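K.L.:
Give me a 3D structure for the following:
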Amino acid sequence: MVKRAISLILFFSLIFLPRVAPVSCAADTVVVTGEGEYTMGAGETMEVAEERARKAAMRAAAEKAGVFVKSYTQVKNLAVEADIIETVAEHAMKVRVLEKKKTPLGDLEAIKFYVKIEATLTAEEIEANLDKIRKDQGIADAYRRLKADYEKKDKEIERLKRQLETAVGGDRQRIARLISEEEKRYKANLWLERAEALGPFPGDEALKAYRKALEFDPDLAEAYVGMARLLKFQHMGEPQDKKGLEAKAAAMREILGYLDRALTLAQDHGPAYALRAEIKEELKKTEGNLVGEEGDEAKAAWEEKKGRYDEEILADLNRAIALEAPNKAQLYQRRAYLYVERAWRTKDERDFDQALADADRVIAMRKKKDRDPLSHWWRFKGNIYKNASHYYRYHQQDQKAAEMERLSEGCFQKARELAERELAVDKGEEDRMNQRTETLYQTDFGRLVYEILEGGWRDRVLGMSRATARAVMEGGDEAQKKKLEAQLEAKHREIKNAVASGKATAEEYLLLAEMFDPRDDDRLRQEHFERGIALLEGRKPRGREALFLVHMYLTEAGLRERIRQYDAALKVLSKAKAVVDAHLEAARKAVGLEDYRRLRGVMKGADEGTEGMDRMLGAVKALGREQAEGVFWITFALDVSGQKAQIYEKIDLPAQARREYEYLCREFKDEGACKGRERLR
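P.N.:
Model (predicted):
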């Protein structure tokens, strides 16, 4: 996919909270409603009772939405399983609450809660969620598990409430306590949802949410698996020194402890077995690197231990595959590698056949839109044959080695033929996307995208476009590359001289600030940034310049947050909010909230290929300058409060975080913010 379209997509996809749905009269959009009720009894709280009513409304809406998703996939000739349709419907819905009521039922402890919601689905949202599930089938599995757990808890709470109706004395108190315990487990699921909703790179905030879930329910297997997955991500990479290797090995053992606990609680958890196999593979590699520094006796003992690791990993992979764990192609691949390793270690040639059978399984199950192209898996099969040929050559079985070599080359040839066809398709798609991106830049909205998000301001400072520079660096000869490097160095000297003389522009200071890593020289970088911002503020910017100022504030706040300078990040975000608030009323007059939702839904589909880009172009061509700027101002308003809420949660200031969620919920009817507000009550 074309790189220059990425910033446009990120502009809408990296906003902190999930947004409310686009509403449209187009055939590719449907609006459904859902109603839910829940009667609160003794031992329950209003907070959880209202959330249960909202969940019931969500289920009712999701059933209706599923009909639309099923119809959409049939029109597109997509073979999609029923549980995937349900997952897509639930995730694609953009929800706003239409009505909430609570009615006393005579008994002081009985209150009926009623919630009515409106949910909107667009073709773009459906495609985006289908694509996510294609890339990571674990999303659907996690949804199924969470849904099943909610249903189990609903049945249990209803059973206890029926018992409570006839209970007296001590029994009544005991059952009320059990109901209170069920509420805690329900709250645990809300925190689990929070952790899972934080995206692929959630950091410490998700870890806190998982631990909060375990405070309410220490037996929540999904929370242990979630923590294990997150900690694995935090310890990626292999250290180069002994101390680092020992630290990583300790971390891997901690993660295994969480997974062992999860599998004790849920013995049929396929993804947990798959993850445990992965962690054991990491631990095996790390311990092997540590043994590399020991003597021959230790190395001999390690070979025996490594064999035990391999058998444990193989057992976990077998269990994960038997339990239909997601991302099965990768599981078969990992198992095939283990079979090859074991063939060398045990001299059992049948393991090569096992590995080849797994390669054939992947090739047979591979679908057009899978992450890895078909050529990848034919190369994978060829490498297994190649490895077998080395094995037979090593054991002086030349005839078998030659046969394996012949079969290997056949697989590689098949892979080359497929790769050529795949490359031609990708190149054609990239050219078409480039043409559409150029068309985008001719619109009022596209000019803002280029100037603010794509770094058009940098191009003006440097006197050349990054696209030109990239083309030279990727496809130019050595003379052209050296000429470009000399031009950039000369421009850098020119900017530094302008700064030294006090004659630099705001943009020159900001560009120079970008060249510093704050971990290396934060003082000088900060000086350049603050001077650039002061000059920009002094121009009393309006329109595009004011948007650029807020974009720089947000960029700086994100950087400060990443290096855990939270006070500095909040200070910058407060400045951003002041500028946004000054423009927001006019922005909302130029672009209605419903129009913004519709446009955002179209934008999110821009990464689906030329069809998505064409839909997006059709939408943005109709925007004038004021409307284009209005879209940016509304997005920045959502982003500023979203980032503030995220930071407040990180530094354990829930009241302040809730205030930001309240603002987003009230002003923008943002479902994610409304859930955050309820969660932090």
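
K.L.:
Let me know the helix or strand that the closest residue to Val291 other than its chain neighbours is in.
P.N.:
Excluding the flanking residues, the one nearest Val291 by C-beta to C-beta, 6 or more residues apart in numbering is Trp302, at 4.3 Å. All C-beta spots, glycine's among them, are computed from the backbone N, C-alpha and C. Here Trp302 sits within helix 296-322, counting by DSSP states H and E.

K.L.:
Over to Trp457. Which of the three states is it?
P.N.:
helix (DSSP: H, G, I helix; E, B strand; the rest coil).

K.L.:
Kindly report the same for Val30.
P.N.:
Applying three-state DSSP: Val30 is strand.

K.L.:
That one: neighbouring residues, count only.
P.N.:
Each residue near Val30 was counted by other C-beta atoms under 10 Å, and the total is 20.

K.L.:
what helices or strands is the helix or strand containing Lys232 leaning on?
P.N.:
Using DSSP H and E, Lys232 falls within helix 221-234. Where contact means 3 or more C-beta pairs under 8 Å, 6 or more residues apart in numbering; DSSP states H and E, helix 221-234 is packed against helix 138-166, helix 169-196, helix 204-216, helix 242-265, helix 270-291.

K.L.:
Distance to Ala506 and mean neighbour count added to those helices, as TSV?
P.N.:
Below are the helices and strands packed on helix 221-234 laid out as TSV (distance: least, C-beta to C-beta, whole Å; neighbours: other C-beta atoms under 10 Å):
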stretch	distance to Ala506	mean neighbour count
helix 138-166	43	16
helix 169-196	39	18
helix 204-216	33	19
helix 242-265	42	17
helix 270-291	47	21
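
K.L.:
closest to Ala402 out of those?
P.N.:
For Ala402, the closest of those is helix 270-291, at 32.6 Å, according to C-beta to C-beta.

K.L.:
Please state the offset of whichever helix in the chain runs longest from the chain centre?
P.N.:
Looking across the chain with DSSP state H, the single longest helix is helix 398-440. Its chain's average C-alpha position is 28 Å from that of helix 398-440, according to C-alpha atoms, centre = their mean, to the nearest Å.

K.L.:
Then stretch 635-652?
P.N.:
For stretch 635-652 - counting by C-alpha atoms, centre = their mean - the centre lies 17 Å from the chain centre.

K.L.:
on that earlier part again, for the helix holding Lys232, which residues meet the burial criterion?
P.N.:
Residues of helix 221-234 classed as buried by neighbour count (16 or more other C-beta atoms under 10 Å): 221-232.

K.L.:
if we can go back for a sec, what about the residue nearest to Val291, how many neighbours?
P.N.:
18.

K.L.:
Would you quantify the distance from it to Asp348?
P.N.:
Taking C-beta to C-beta, to the nearest Å as the measure, Trp302 falls 21 Å from Asp348.

K.L.:
can you check Val579 too?
P.N.:
According to C-beta to C-beta, Val579 and Asp348 sit 69 Å apart.

K.L.:
repeat for Lys540
P.N.:
The gap separating Lys540 from Asp348 is 78 Å, by C-beta to C-beta.

K.L.:
Please say which of those two ends up with more neighbours.
P.N.:
More neighbours surround Asp348 than the other of Lys540 and Asp348, with 13 against 8 (other C-beta under 10 Å).

K.L.:
Provide the backbone phi and psi angles at that one.
P.N.:
Main-chain dihedrals, Asp348, degrees, to the nearest 10: phi -100, psi 100.

K.L.:
and Gln399, what does it touch?
P.N.:
Gln399 sits next to no residue when contact means C-beta atoms under 8 Å, 6 or more residues apart in numbering.

K.L.:
Scan this structure for its longest strand.
P.N.:
Looking only at the chain and at elements set by DSSP state E, the strand with the highest residue count is strand 107-122.

K.L.:
Tell me the confidence at Leu220?
P.N.:
pLDDT recorded at Leu220 is 92.

K.L.:
Ignore what I typed, I meant Ala471.
P.N.:
Here, the pLDDT recorded for Ala471 equals 71.

K.L.:
what helix or strand is it on?
P.N.:
Element membership for Ala471 (DSSP H and E) is helix 466-475.

K.L.:
circling back: next helix or strand past the longest helix of the chain?
P.N.:
Next element after helix 398-440 (DSSP H and E): helix 444-448.

K.L.:
For that following helix, list the C-alpha coordinates in CSV.
P.N.:
Output in CSV follows, covering the C-alpha atoms of helix 444-448 (Å, rounded to 0.1, in the frame of the first residue of the first chain):
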residue,chain,number,x,y,z
ASP,A,444,-8.9,21.6,0.2
PHE,A,445,-8.9,18.7,2.6
GLY,A,446,-5.9,17.0,0.9
ARG,A,447,-3.9,20.2,1.0
LEU,A,448,-4.3,20.2,4.8
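
K.L.:
Make residue 1 into 703 and carry on from there
P.N.:
Done: numbering now begins at 703, and the last item shifts to helix 1146-1150.

K.L.:
Who are the packing partners of it?
P.N.:
When contacts are defined as 3+ C-beta pairs under 8 Å, 6+ apart, helix 1146-1150 packs onto helix 1327-1352.

K.L.:
is Val797 in a bridge, and if so with what?
P.N.:
Beta bridges link Val797 to Ala821, judged by DSSP bridges.

K.L.:
Which residues does the helix or strand hosting His1230 contact?
P.N.:
According to DSSP H and E, His1230 maps onto helix 1220-1240. For helix 1220-1240, the surrounding residues in contact (C-beta under 8 Å, 6+ apart) are 1201, 1206-1212, 1214-1215, 1218-1219, 1247, 1250-1251, 1254-1255, 1258, 1261, 1265.

K.L.:
Please flag which of those sit within helices.
P.N.:
In this view, those that belong to helices under DSSP H are 1201, 1208-1212, 1214-1215, 1247, 1250-1251, 1254-1255, 1258, 1261.

K.L.:
of those residues, closest to Leu1190?
P.N.:
Closest to Leu1190, out of all of the ones in helices among the contacts of helix 1220-1240 and judged by C-beta to C-beta, is Leu1214, at 13.1 Å.

K.L.:
and the closest one, how many neighbours?
P.N.:
Neighbour count of Leu1214, defined by other C-beta under 10 Å: 23.

K.L.:
Sweet, I'm off.
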